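Asks: Everything below, folded, please.
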Amino acid sequence: MNRIDPVTPPYEPELARELNKWMGGSDVEPLVLFRTLMRNPDLASRMRVLGSGLLSRGSLPASDRELVIHRVCARTDCRYEWTVHAALFGPSVGLTPEQLTATVSGEPVWTRRQSALLIAVDELHETDSLSGATWTALAGHLGTDQLLEFLILCGWYRMIAYLANALRLPIETWAPPYPS
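Replies: The predicted structure follows:
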């Protein structure tokens, strides 16, 4: 059960506009996360800028971005966000069901580039830093702008995991199951 109830329809016009921005103009019911954040509209509007920028205007290829997001969510046991991304983004960027499951299980089904990304996510999760060897491996695949974006992306989704887990957000009804 949510610790903070999300806003519910009917939405006031300004709230409906803000939720529409969060949803990118989709006519789907806004995510529980977004509706909960709208309990503090000022904070939500500041968060939306970075969150949407990471999803739509980043320098990392979309498949790398989603792989990183899924692994961060798996490592933080953020089932809410993992399932949202598994439904809305993972398949559309070419992540197979086997790969999505492997972001949770850790099964080795990855290319060298993907392995470098996942090792870096894991090391950041465990140590809040990157060793020289991990940085070198990652830098062998990413440019400077992508390295910075990678670090911000990991931190952003760790923050989202803290938020979703602490609020005990329920899995969206349309989301796929989280791998066991």
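Asks: Check the gap between S45 and V72 for me.
Replies: 24 Å (CB to CB, to the nearest Å). Any C-beta I mention is one placed from the backbone N, CA and C, and that applies to glycine too.
Asks: ok, residues contacting stretch 78-98?
Replies: 31-33, 55, 61-63, 65-67, 69-70, 72-74, 99-100, 103-104, 107, 109, 157, 160-161, 164-165, 169-172, 174-178 (CB atoms under 8 Å, 6 or more residues apart in numbering).
Asks: and the end-to-end length of that stretch?
Replies: 19 Å (CA to CA, to the nearest Å).
Asks: Break the chain into its domains for me.
Replies: What automatic domain parsing lists as the domains of the chain is 13-56, 62-167.
Asks: mind checking which of those is nearest P6?
Replies: domain 13-56 (3.3 Å; CB to CB).
Asks: Need the distance between the two termini of the closest one.
Replies: Where domain 13-56 begins and where it ends lie 25 Å apart, using CA to CA.
Asks: could you give me the average pLDDT of that domain?
Replies: Averaging pLDDT along domain 13-56 gives 94.
Asks: related to what we said a few turns ago, when S45 and V72 are compared, which one has more neighbours?
Replies: V72 (27 against 14; other CB atoms under 10 Å).
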